[in-house]
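1. Predicted model and sequence follow; I will ask about them next.
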Amino acid sequence: MKRIFKIFLAVLLLTGISGCRVMYDVGDNLMRNFSTPAKVKNRIKDPIRPEVRLSALWIGHATVLLQMDDKVIMTDPFLTNHIAEVQMRIQEPGIDINDLNQCDIILLSHSHPDHVNFGSLEILEDRFPDAKLVFPDGIKEFLPPFDFTFVPLKISDYRKKKYIGQSKIVDGVSITSVAAYHWGGRYGLDGLLWGYDGFCGFIIQYNGMTVYFPGDTAYDDEFYKFLAENYEIDLEFMPIGPCSDCTLIDKPNRHLYAKGSLMVLDDSKAKLMIPIHYGTIAELSDPLEPRYVLEELIREQPQYKDRVKILEIGEQIVIK
């Protein structure tokens with residue numbers, strides 16, 4: 001009963017505080033139900049190949065299909081047409097799940113509905129029931145009893161500058177939970193009001209390769225330098241939206257923007273950065289605005305040209 005009351009109160013507060021956003025999303029969703037998401041041309045039919053050491057395919061939003069040698073990892077799966085029946089995607093997923101024959105590990109960065117999408121997890125459960133589901137410990141109370149093997153990780157205490165949470169070997173892959181500058185909870189304000197702490201980023205290491213997936217995060221002037229001092233990052237994925245003013249660095253403790261993503265790239269010293277978390281669902285501003293700003297910043301600062309790869313939804317890059 002206490003849990004139900006919290007949810008009810010959070011919904012009321014969310015509607016009261018963010019009424020315009022809620023009304024926009026509901027109205028937009030109703031209109032989009034008379035149409036279908038835009039098609040992805042020439043979807044890749046063989047996304048996993050034995051000769052590839054490191055590749056990434058952007059499925060959309062924060063969902064990436066990552067191949068590291070013989071291991072296949074999917075981040076924050078969003079494969080359905082809706083998020084919580086409120087927001088409908090504007091472009092279909094970048095992969096047909098029937099073309100995917102392997103998925104060893106699924107990463108969940110935090111419990112917000114656009115990152116823990118139950119319908120998408122059910123799709124993956126039907127096809128890959130033996131996959132390992134890796135997540136920060138605070139997500140567990142929101143998860144239904146899926147058939148996946150659950151692998152919870154303790155989170156870092158970033159407020160005390162303890163940036164590493166816990167490392168585990170999962171199907172031969174080392175996965176470490178690291179700090180993220182966001183918030184937990186499931187319903188929006190519940191995480192802000194009651195302090196759910198189920199959110200993190202991940203360092204993924206396998207066969208000498210290191211990938212950084214931050215989930216949702218904002219900028220911090222010390223943490224990303226810490227990553228550079230402790231990891232040699234081959235590839236990182238950076239969320240760059242949604243942004244109310246896309247020329248800013250971020251919305252503190254909420255979301256990184258394009259300018260902030262380049263600052264993280266500088267601090268972390270990653271070899272390659274791929275921007276994500278834009279262009280997939282409708283926003284109050286143009287869903288592609290974060291990309292336009294990032295492209296303009298790169299034109300003004302060409303030193304980033306070879307260190308940032310902007311993918312189309314459904315596009316795959318082979319790095320090694």
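-> Structure received.
2. so who does the residue sitting nearest the centre point of the chain touch?
-> Closest residue to the average C-alpha location of the chain: Ala62 at 3.2 Å, with CA atoms, centre = their mean. Neighbouring residues of Ala62 by CB atoms under 8 Å, 6 or more residues apart in numbering: 75-76, 78, 109, 114-115, 215-216, 237, 239, 276-277. From N, CA and C alone the C-beta is placed, and that goes for glycine too.
3. What pLDDT does the model give it?
-> Listed pLDDT for Ala62 reads 97.
4. Just give the nearest non-adjacent residue to it, would you?
-> Among residues not flanking Ala62 along the chain, Asp76 sits closest, at 4.1 Å (CB to CB, 6 or more residues apart in numbering).
5. try Lys251
-> With CB to CB, 6+ apart as the criterion, Lys251 has its nearest non-adjacent residue at 6.6 Å, and that residue is Ala218.
6. Which helix or strand contains that neighbour?
-> For Ala218, there is no host helix or strand (DSSP states H and E).
7. ok, now how distant is the closest residue to Arg53 other than its chain neighbours from Leu265?
-> By the measure of CB to CB, 6+ apart, the closest residue to Arg53 outside its immediate chain neighbours is Lys320, 3.8 Å from it. To Leu265, Lys320 is 19 Å away according to CB to CB, to the nearest Å.
8. Which one of those two is surrounded by more residues?
-> Ranked by neighbour count (other CB atoms under 10 Å), Lys320 and Leu265 place Leu265 first, with 20 against 13.
9. related to what we said a few turns ago, could you redo the contacts of Ala62 as CSV and give each row pLDDT?
-> As requested, those are exported to CSV (pLDDT from 0 to 100):
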residue, pLDDT
Thr75, 98
Asp76, 97
Phe78, 96
Ser109, 96
Asp114, 88
His115, 90
Gly215, 94
Asp216, 91
Phe237, 98
Pro239, 97
Ile276, 98
His277, 95
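10. So which of those sit within strands?
-> 75, 237, 239, 276 (DSSP state E).
11. From the residues you listed, list the buried ones, please.
-> For those, a neighbour count by 16 or more other CB atoms under 10 Å gives the buried set as 75, 237, 239, 276.
12. ok, so what distance separates the last one from Ala131?
-> Remark: distance between Ile276 and Ala131 (CB to CB) = 21 Å.
13. Tell me which two of the ones in strands among the contacts of Ala62 sit farthest apart.
-> Using CB to CB, the two most remote members of these are Thr75 and Pro239, lying 11.0 Å apart.
14. Do a quick rundown of the strands in the stretch 51-200 of the chain.
-> 54-60, 63-68, 71-75, 82-83, 87-88, 105-107, 132-136, 149-153, 164-170, 173-178 (DSSP state E, counting those that start in this stretch).
15. Of those strands, flag the one that's most buried.
-> The highest mean neighbour count among the strands of the stretch 51-200 of the chain, using mean count of other CB atoms under 10 Å, belongs to strand 105-107: a mean of 26.
16. What strands flank it, and is each parallel or antiparallel?
-> Sheet pairing of strand 105-107 (DSSP bridges) gives strand 71-75 (parallel), strand 132-136 (parallel).
17. Can you pull out the residues in contact with the last one?
-> The reference is to strand 132-136. With CB under 8 Å, 6+ apart, strand 132-136 has contacts from 104-110, 116, 121, 143, 146, 148-155, 165, 168, 170-171, 175, 177, 184, 197-200, 202.
18. Report the distance from that strand to the chain centre.
-> Strand 132-136 sits 13 Å away from the centroid of its parent chain (CA atoms, centre = their mean, to the nearest Å).
19. What of stretch 117-133?
-> How far stretch 117-133 lies from its chain's middle: 16 Å, per CA atoms, centre = their mean.
20. Same question for stretch 254-263.
-> Averaged C-alpha coordinates place stretch 254-263 at 14 Å from its chain's average position (CA atoms, centre = their mean).
21. again, but for stretch 234-243
-> So, by CA atoms, centre = their mean, the centroid of stretch 234-243 is 8 Å from its chain's centroid.
22. That one spans what distance, first to last residue?
-> End-to-end distance of stretch 234-243: 27 Å, with CA to CA, to the nearest Å as the criterion.
23. for stretch 294-306, same thing?
-> Length of stretch 294-306, first residue to last, CA to CA: 14 Å.
24. In contact with Lys225, which residues?
-> Residues near Lys225 by CB under 8 Å, 6+ apart: 267-268.
25. Can I get the helix or strand hosting it in PDB, CA atoms only?
-> Assessed by DSSP H and E, Lys225 sits inside helix 223-230. Backbone C-alpha positions of helix 223-230 (Å, rounded to 0.1, in the frame of the first residue of the first chain) are rendered in PDB as follows:
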ATOM      1  CA  PHE A 223      35.100  11.700 -12.600                       C
ATOM      2  CA  TYR A 224      35.900  11.400 -16.300                       C
ATOM      3  CA  LYS A 225      39.600  12.300 -15.700                       C
ATOM      4  CA  PHE A 226      39.500   9.400 -13.100                       C
ATOM      5  CA  LEU A 227      38.400   7.100 -15.900                       C
ATOM      6  CA  ALA A 228      41.300   8.200 -18.100                       C
ATOM      7  CA  GLU A 229      43.700   7.500 -15.300                       C
ATOM      8  CA  ASN A 230      42.400   4.000 -14.600                       C
END
